[in-house]
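**Q** Just the structure for this:
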Amino acid sequence: MRLFPYTALCLLVAPWALWGQPGWQASIAKVSVDPKLERTPGTAFVVAVSGQTAFLVTCAHVVVEESSPRVEFEAVPRRDFRATVEGREPGDNPRGLALLIVENVPPEVQALPLAASANPVRGERLLAAGFPRPSSLFLVLDMILATYKGQDLTLSRETVEGFSGGPVLRGDSAIGIIYGREAGGYGTALISDVVRTYLRGLRVPMDAGPRTAQPAVQPPSGPQPGDTRVNRVSGLKDVWIPPGTFTMGCPEGDAECFEDEKPAHPVTITRGFWMGQTEITVAAYQRYSRATGKPMPREPHLLGRALNPGWMNEEQPIVNVNFQEAADYCAWAGKMRLPTEAEWEYAARAGSIGAQYGNLEDIAWFADNSGNQRLDSRRIWKEDQKNYSNRLKENGNGPKAVGQKLPNAWKLYDMLGNVWEWTADWYEEKYYEAKASQDPKGPPGGTLRVMRGGSWEDNRVTPAWNRDRGAPADRWPGSGFRCAGE
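**A** Numbering: from 1, shown residues only. As a prediction, this is how the structure comes out:
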């Protein structure tokens, strides 16, 4: 990882030196699950207050199995509150979040604005707040944003255990939440975009003004980013993708751009849409086959080795479907359709501006990690290209059951890797040069269709702008699809 050499600028700032600054301190709280204070506490911060109810966000590992941790607000010295834990994300993922709800809080407790988009800038000065020891006041670290990638910020000063759940501050708003540290003395944080999506899914009444001016807050109307529904026809889940603007394509200066992935250009998606949370599974396609009488595609093989014999693994993505078969399935599945290429990349990024929306190993199946042993697939491709497929065959590489990796900020799984996905657009190598900016639908015609996302066979480190193309009649064991719709 390449880091900015700004560590010498990191200073420890005592909290009492900051009371003349914006009043974000009124949102900070210590979270304790050990009444004897023998275990390092964590940190939380208030993201919303409705009446006398405060909503706080922290890391799931701060509260572990505790359902009613003790909370001490920095704004209310020497007084304990009990919180109710809701929405705790499961598993060992250090980025997991938890919502704490505290009743009957006094007016001194205020919400900390959560940035709608982190928009991180490498080298910018930030603050991080937390409780490094059981009995201490909170401390504030002055630091530099060293790097950012996908959903993660790397901070130029180490954040010790008690900082978990604390905010990363730009001015008087939070652009992230601290979740851990890296070797070498660096802190790590999750960007605010992900935190907002998580809180909206729990209907937290964010973005309220001062408490004294607020009536009772009603839940937002209509679907919110990351909301899910069950498609009653297919049985799979769809996720709501909000309208918005993003930069499509490979950024200038990236040495691994292909010519058809540039220039990068702004695109606005003017209408929200639903999108399949996962690639269409074998089970869902079998349901379609039974309902319509359409045959199942041939089973996938790699040089004679069956990848899913008898379609036994029903949670794997359906593969070996051509463009028209994919489009027909989507039309059957509740009047859905294939997404446009622009919709696909916008949904895959989910607000991320990097090449991936998270650490590649955590979010994607590709040639290095989709077999029995880990491979250096790039080296194999470079040194022994003619035997590349044989090496994958011998290593047992193949598609994986959907939803095993981490989702993006809008709760979409496997947007990168596992299998390529058909889109609705015709392919043209120089189409991006037109810089179509609003709801682009691709060229008016052509001989090939755009595919997106990469697959289990690929040695390229899959970026969000990765493009491929195929003839509409083509079928591959590394290609599938997902559906979109209004």
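**Q** And for Arg78, the neighbour number?
**A** For Arg78, the neighbour count with other Cβ atoms under 10 Å is 5. In this view, the C-beta of every residue, glycine as well, is placed from N, C-alpha and C.
**Q** pLDDT at it, what is it?
**A** Arg78 carries a pLDDT value of 78.
**Q** That one and Ser32, how far apart?
**A** Counting by Cβ to Cβ, to the nearest Å, the gap from Arg78 to Ser32 is 14 Å.
**Q** Phi, psi for Asp238 please.
**A** The phi/psi pair for Asp238 (degrees, to the nearest 10) reads phi -110, psi 150.
**Q** what sits opposite the closest residue in space to it that isn't next to it in sequence in the beta ladder?
**A** Spatial nearest neighbour of Asp238, excluding adjacent residues (Cβ to Cβ, 6 or more residues apart in numbering): Trp274 at 4.1 Å. Beta bridges link Trp274 to Trp240, Gly485 when assigned by DSSP bridges.
**Q** contacting residues around Trp274?
**A** Arg229, Asp238, Val239, Trp240, Ile241, Met336, Ala484, Gly485, Glu486 (Cβ atoms under 8 Å, 6 or more residues apart in numbering).
**Q** One more: Trp381?
**A** If you count contacts by Cβ under 8 Å, 6+ apart, Trp381 has them with Tyr388, Asn459.
**Q** hang on, it in a strand?
**A** No. Trp381 is assigned helix when assessed by DSSP: H, G, I helix; E, B strand; the rest coil, not a strand.
**Q** now it: how far from Pro94?
**A** For Trp381, the distance to Pro94 equals 33 Å [Cβ to Cβ].
**Q** just Glu433 next, same as before
**A** From Glu433 to Pro94 the distance is 42 Å (Cβ to Cβ).
**Q** and if you look at Gln151?
**A** Distance from Gln151 to Pro94, by Cβ to Cβ: 12 Å.
**Q** And for Glu361?
**A** 14 Å.
**Q** which SS class is the residue positioned nearest the centre of the chain?
**A** Centroid check for the chain by Cα atoms, centre = their mean gives Asn408 as the closest residue, at 2.2 Å. In three-state terms, and counting by three-state DSSP, Asn408 is coil.
**Q** and it, what pLDDT?
**A** pLDDT, read off for Asn408, is 89.
**Q** Contact partners for it?
**A** Gln151, Ala348, Arg349, Ala350, Ser352, Tyr357, Gly358, Ile363, Met415.
**Q** if we go to 7 Å?
**A** Going by Cβ atoms under 7 Å, 6 or more residues apart in numbering, Asn408 touches Ala348, Ala350, Tyr357, Met415.
**Q** With neighbour count, pLDDT and secondary structure added, can I get the residues you listed in CSV?
**A** Listed next are the contacts of Asn408 as CSV, based on neighbours: other Cβ atoms under 10 Å; pLDDT from 0 to 100; DSSP: H, G, I helix; E, B strand; the rest coil:
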residue, neighbour count, pLDDT, secondary structure
Ala348, 26, 95, helix
Ala350, 28, 88, coil
Tyr357, 30, 80, coil
Met415, 30, 96, coil
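**Q** List just the nearest of those to Leu302.
**A** Distances from Leu302 to the contacts of Asn408, taken as Cβ to Cβ, are shortest for Met415 (23.1 Å).
**Q** Check the gap between the spatially closest residue to that closest one that is not a sequence neighbour and Arg452 for me.
**A** Nearest residue to Met415 in three dimensions, chain neighbours excluded: Ala348, at 4.0 Å (Cβ to Cβ, 6+ apart). Ala348 sits 7 Å away from Arg452, going by Cβ to Cβ.
**Q** And the chain, what are its domain boundaries?
**A** 1-221, 230-485 (automatic domain parsing).
**Q** Could you tell me the least trusted of those?
**A** In terms of average pLDDT, domain 1-221 trails the rest of the domains of the chain, at a mean of 77.
**Q** Distance from the chain centre to it, please.
**A** From the chain centre to the centre of domain 1-221 is a distance of 19 Å (Cα atoms, centre = their mean, to the nearest Å).
**Q** Ok, stretch 358-376 next?
**A** That offset, for stretch 358-376, works out to 17 Å (Cα atoms, centre = their mean).
**Q** Could you measure from Leu202 over to Ala350?
**A** Counting by Cβ to Cβ, the gap from Leu202 to Ala350 is 18 Å.
**Q** Count the neighbours of Pro472 for me.
**A** For Pro472, the count of nearby residues is 16 (other Cβ under 10 Å).
**Q** What residues does it make contact with?
**A** Asn322, Phe323, Gln324, Arg449.
**Q** let's see it at 8 Å
**A** Pro472 makes contacts with Asn322, Phe323, Gln324, Leu448, Arg449, as judged by Cβ under 8 Å, 6+ apart.
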